[in-house]
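Colleague: Sequence and predicted structure, then a few things I'm wondering about:
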Amino acid sequence: MAFLTNDKLTIVGAAGMIGSNMAQSALMMGLTSEICLYDVFSPEGVAEEMRQSGFDDVNIVATTDAEEAFKNAKYIISSGGAPRKAGMTREDLLAGNCKIAEELGQNIKKYCPDVKHVVIIFNPADLTGLVTLLYSGLKPGQVTTLAGLDTTRLQSALAKKFGVMQNQITGCATYGGHGEQMAVFGSHVEIAGRKLTDIIGTAEFPAEEWEQMKIDVTKGGAKIIELRGRSSFQSPSYLSVEMIRAAMGGEPFRFPVGTYVKTDKYDHIMMAMKTTMTAEGAKFEVPQGTAEENAKLDQSYEHLCKMRDELVTLNIVPPIAEWSKINPNL
């Protein structure tokens, strides 16, 4: 198999459903010949299944040792946090998973400071990504979080509504936080060449139905738990591997990602922006929508700031004024 790179990819949380699916997706995409599976619970069973699947030209290492996992890693994807359960919001995982993110960042700084890119997907991803970035010492564009899943949920909902293929739904995007306070942008969407804004409010798509769809999209994760009895694992694992593929110089990532933002308006936060992912990292620009959409983005940012400030209260991160002492890149 021709691989995209021979650099080491470490998958954190590899013994879980998301992690094991990431391993399989990375192998099927032919990303790299060097994959390390890391978890506090032995991921050897996952490694053995991958070998038995016939992936016989890849060096697959399974370990519970942090130094072995992170040493010389050039790319990292982490799902290594507590999963969301029925009745829980992403925010309910804040304190525990951000402590895990702090340890992850410290391990990166200690064992693989030359890592090229890190993708964080465990919830609440905007905050766990922010904490990982802070303690890793990496540059802002080197750490990204999963946000595309919200956009694909909007895209799939519209495709089902109008009976078209998902690739006929263009211009879809959700921005801000990966949670129920996200900003759903519909002003740039086209349905098989028709502007969504021309359809909303007609008999074909009443405004009330559009408003309900936006709510349903923001609660898409809870719906998966309702339907499957567990949190989603196939969609986040696949999209996160697509993200790391883009960071490796492969196909561009198609959807927004969560990235570190420091502007006059949005400051010291990780949130989904209009982004491009390349081997040089993530670059963003602030999206522009309708006045209502922009206001929703502002509200999402304010919600993220409240959670960030709660981390200060919990002594998981210091006050923002001290961040540059931990990570000079911030």
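Modeller: Yep, it's here.

Colleague: show me where the stretch 1-150 of the chain has helices.
Modeller: Along the stretch 1-150 of the chain, counting by DSSP state H, counting those that start in this stretch, helices occupy 17-29, 44-52, 66-70, 94-111, 125-136, 148-162.

Colleague: So which residues of this structure form strands?
Modeller: Here the chain has its strands, by DSSP state E, at 5-12, 32-38, 59-63, 73-78, 117-120, 143-145, 169-170, 173-175, 183-185, 190-191, 194-195, 257-261, 269-278, 281-285.

Colleague: which outside residues touch stretch 190-201?
Modeller: Outside stretch 190-201, the residues that touch it by CB atoms under 8 Å, 6 or more residues apart in numbering are 158, 162, 164, 168-171, 186-187, 189, 205, 207, 210. Where C-beta positions appear, they are placed from N, C-alpha and C, glycine not excepted.

Colleague: Which of these sits closest to Leu297?
Modeller: Nearest to Leu297 among the contacts of stretch 190-201 is Ser187, at 12.0 Å by CB to CB.

Colleague: burial count for that closest one?
Modeller: 17 (other CB atoms under 10 Å).

Colleague: doesn't Ala291 make contact with it?
Modeller: No. Ser187 lies out of contact with Ala291 (CB atoms under 8 Å); the separation is 10.1 Å.

Colleague: what's the pLDDT at the closest residue to Leu146 other than its chain neighbours?
Modeller: Spatial nearest neighbour of Leu146, excluding adjacent residues (CB to CB, 6 or more residues apart in numbering): Ile121 at 4.1 Å. Per-residue confidence (pLDDT) for Ile121: 95.

Colleague: Now do the same contact list for Ile121.
Modeller: Contacts of Ile121 by CB under 8 Å, 6+ apart are 18, 77-79, 145-146, 236, 240.

Colleague: ok, 10 Å please
Modeller: Taking CB atoms under 10 Å, 6 or more residues apart in numbering, we find Ile121 in contact with 12-13, 18-19, 22, 77-81, 128-129, 144-147, 149, 178, 236-237, 239-240, 243, 258.

Colleague: ok so, going back, can I get the strands of the chain in TSV including mean neighbour count?
Modeller: Compiled in TSV, these are given as follows (neighbours: other CB atoms under 10 Å):
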stretch	mean neighbour count
strand 5-12	23
strand 32-38	23
strand 59-63	18
strand 73-78	26
strand 117-120	28
strand 143-145	31
strand 169-170	18
strand 173-175	28
strand 183-185	26
strand 190-191	19
strand 194-195	14
strand 257-261	27
strand 269-278	24
strand 281-285	18
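
Colleague: With distance to Lys99 as new columns, can the ones you listed be given to me in a markdown table?
Modeller: Listed next are the strands of the chain as a markdown table, based on distance: least, CB to CB, whole Å:
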| stretch | distance to Lys99 |
| --- | --- |
| strand 5-12 | 15 |
| strand 32-38 | 18 |
| strand 59-63 | 22 |
| strand 73-78 | 14 |
| strand 117-120 | 14 |
| strand 143-145 | 17 |
| strand 169-170 | 39 |
| strand 173-175 | 27 |
| strand 183-185 | 28 |
| strand 190-191 | 43 |
| strand 194-195 | 46 |
| strand 257-261 | 19 |
| strand 269-278 | 17 |
| strand 281-285 | 25 |
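
Colleague: wait, which of those strands is closest to Glu251?
Modeller: strand 269-278 (9.8 Å).
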